[in-house]
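Enquirer: take a look and give me a structure for this.
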Amino acid sequence: MRFLAREGTATRAPISVSKTRVEDDMVQATRFISATETSISWESGHSGFLSSYVGDQKRDHESFAAEGFAALALADREIAENRRVNCPIVRPAASFAGGASFDRVCVLIHGLNERSWDKYVSWAQAIADRALCPVVLFPIAFHMDRSPAAWADFGIMRGVSKERNARIGGLKQSSMANAAISERLDEAPGRFFLSGLMAAHDLGDLARSLKEGEVPGISAGARLGFFGYSIGTYLLQCLSLADEGFALAGKRFLFCGGPFLSAMRPVSKYIMDSKAHERLLDFWVYALADELRKDAELAALIDTPEGRAYCAMVDPRHPQMGRKEFFSNGETQVASLSGDDVMPRQAILDFFEGTGVRPLFIDLPPVCTHIAPFNPLGGEEVSPAFDRLFSEAAEHLFG
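Expert: Predicted structure coming up:
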């Protein structure tokens, strides 16, 4: 895979994987459907990377859970909503009337298990107004509107959560909000990497289209910047480690993220339940060699720059691909909440130790959490913290 390779710039080898996994991907062309000053939409050509896993159709479910499990039963490659990528664009308030052409653009990437852009619109506007550039909101595979509506329907997913609680002893933090992602990762933890791989290719397509001037109001050759939040930071870190062309395309600002996957604490009613997290760690940290021996296609994808970068970001016991040297080049800045319990402060410090990156930690009241960093219930401290964070981001990305 080569993203945004500059003329005369050495790039790492392109992706080379088994034909059975990506045969469909090779014949699907990414086709841009529409690009306006307010949105970009296209049909992804990368669903061939996704898992072929299909849930156990023969398992008997309680009647109250049947609709929910039926909604989760489609093979990932067959989910049409996931192939359609819709990216809203937020422009600086001063240019709302349109007509301006910008020589810089920021891409904002959200967190795990997100279904709405609501909390991000104000973030995007803050960056747009401070950096004087459009901000493109990029949806990761199976997130936002890239998944069936039933997955976000609490009435339907209530039954899935209820059955998981009955089936799995000692389950913690199961909810209607995280039932879909928890069941999917519990069934097939490989999905975490495979959906991320699809998202990485989609993000590369977006970056390339922005650089090539395919979006109205953004000049060809525009300078790029990337703002990642939570798991969006993880995607940026993996892709930048894997692909030198992408890493050179623009600076990165990482918010409420940055540590190894094994050091994250995502068990939350809003993110995933305890069983899904346990399965992720068992698969990707403790039993990876055994799992890859059982799945030749997944093993082939892991044996690529993208796969090796992903594993380097999973746990420090995996080969590190020059990770510390990469993050020492000044292109990455990090900020988080001092009290973030999903991306712990010490885990972030440990990851960036020896790199020269000095994370900024913001002290806010406990009501300001990983899920709602700038909760207005935090009082008068919230607004100055918001202003500082997004001023720092704009300065780092484009100053």
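Enquirer: can we go C-alpha only for contacts and neighbour counts from here?
Expert: Will do.
Enquirer: what stretches of this structure score poorly on pLDDT?
Expert: For the chain, applying pLDDT under 70 flags the ranges 1-32, 54-64, 95-99.
Enquirer: make it 50
Expert: 4-28, 57-58 (pLDDT under 50).
Enquirer: what about the longest helix in it?
Expert: Taking DSSP state H as the criterion, the chain has its longest helix at helix 191-211.
Enquirer: just checking, what packs against that one?
Expert: Packing contacts for helix 191-211, counted by 3 or more CA pairs under 8 Å, 6 or more residues apart in numbering; DSSP states H and E, involve helix 179-187, strand 218-229, helix 231-242.
Enquirer: so which of these is the most surrounded?
Expert: For those, average neighbour numbers computed from mean count of other CA atoms under 10 Å are highest in helix 231-242, which has a mean of 25.
Enquirer: that one to strand 218-229, inter-axis angle?
Expert: Computed by axes from the mean of the first three to the mean of the last three CA atoms, to 10 degrees, the angle separating helix 231-242 from strand 218-229 equals 120 degrees.
Enquirer: among the helices and strands packed on helix 191-211, which is nearest Val382?
Expert: Val382 sits nearest to strand 218-229 of all these, at 17.7 Å, using CA to CA.
Enquirer: how about residues contacting the longest helix of the chain?
Expert: 3-4, 30, 44, 46-47, 49-51, 138, 140-142, 184-185, 215, 218-224, 235, 239, 246, 306, 310 (CA atoms under 8 Å, 6 or more residues apart in numbering).
Enquirer: chain center to that helix: distance?
Expert: 9 Å (CA atoms, centre = their mean, to the nearest Å).
Enquirer: how much does that helix deviate in direction from helix 231-242?
Expert: Going by the same axes, to 10 degrees, helix 191-211 makes 80 degrees with helix 231-242.
Enquirer: what helix or strand does Ala177 sit in?
Expert: Taking DSSP states H and E as the definition, one finds Ala177 inside no helix or strand.
Enquirer: I'd like the numbering to begin with 6 instead of 1 from here.
Expert: Okay, using 6 as the starting number, the last item reads as Ala182.
Enquirer: what's the local residue count around it?
Expert: Counted with other CA atoms under 10 Å, residues neighbouring Ala182 total 23.
Enquirer: OK, contacts around it?
Expert: Ala182 neighbours (CA under 8 Å, 6+ apart): 157, 159, 162, 274-276.
Enquirer: can we see that at 6 Å?
Expert: Counting by CA atoms under 6 Å, 6 or more residues apart in numbering, Ala182 touches Tyr275.
Enquirer: do the same with Arg82
Expert: By CA under 6 Å, 6+ apart, the residues touching Arg82 are 52, 55.
Enquirer: could you do Phe379 as well?
Expert: 373, 387.
Enquirer: let me know the helix or strand that it is in.
Expert: Using DSSP H and E, Phe379 falls outside every helix and strand.
Enquirer: that one and Glu72: what is the separation?
Expert: 36 Å (CA to CA, to the nearest Å).
Enquirer: before we move on, what SS does Gly338 have?
Expert: Not quite, residue 338 is Gln, not Gly. strand (DSSP: H, G, I helix; E, B strand; the rest coil).
Enquirer: beta-bridge partners for it, please?
Expert: Counting by DSSP bridges, Gln338 is bridged to Phe258.
Enquirer: tally up the residues packed near it, please.
Expert: Gln338 has 22 nearby residues by other CA under 10 Å.
Enquirer: cool, and Gly201?
Expert: Gly201, neighbours per other CA under 10 Å, totals 24.
Enquirer: swap in the one 3 residues further on?
Expert: Burial of Ala204 is recorded as 23 neighbouring residues (other CA under 10 Å).
Enquirer: nearest residue to Arg96 in space, please, no chain neighbours.
Expert: In this structure, Arg96 finds its nearest non-sequential neighbour in Pro139, 4.3 Å apart by CA to CA, 6 or more residues apart in numbering.
Enquirer: what distance do you get for the one you found to Gly222?
Expert: Distance from Pro139 to Gly222, by CA to CA: 9 Å.
Enquirer: do the same with Asp158
Expert: From Asp158 across to Gly222, the span is 36 Å (CA to CA).
Enquirer: Phe74 now?
Expert: Applying CA to CA, the value for Phe74 to Gly222 is 44 Å.
Enquirer: neighbour count winner among the two?
Expert: Comparing Phe74 with Gly222 by neighbour count (other CA under 10 Å), the higher total belongs to Phe74, at 25 against 20.
Enquirer: excluding chain neighbours, what is closest to the more buried one?
Expert: Val165 (6.6 Å).
Enquirer: confirm that the one you found sits in a helix.
Expert: Yes - Val165: assigned to a helix according to three-state DSSP.
Enquirer: do I have it right that it meets Ala71?
Expert: No - between Val165 and Ala71 there is no contact under CA atoms under 6 Å: 8.0 Å.
Enquirer: more neighbours, these two?
Expert: Using other CA under 10 Å as the criterion, Val165 and Ala71 rank with Val165 on top: 29 against 16.
Enquirer: show me which positions of stretch 48-56 end up buried.
Expert: Neighbour-count burial for stretch 48-56, with 16 or more other CA atoms under 10 Å as criterion, is recorded at 48-56.
Enquirer: which of those fall in strands?
Expert: Among the buried residues of stretch 48-56, the residues falling in strands (DSSP state E) are Glu48.
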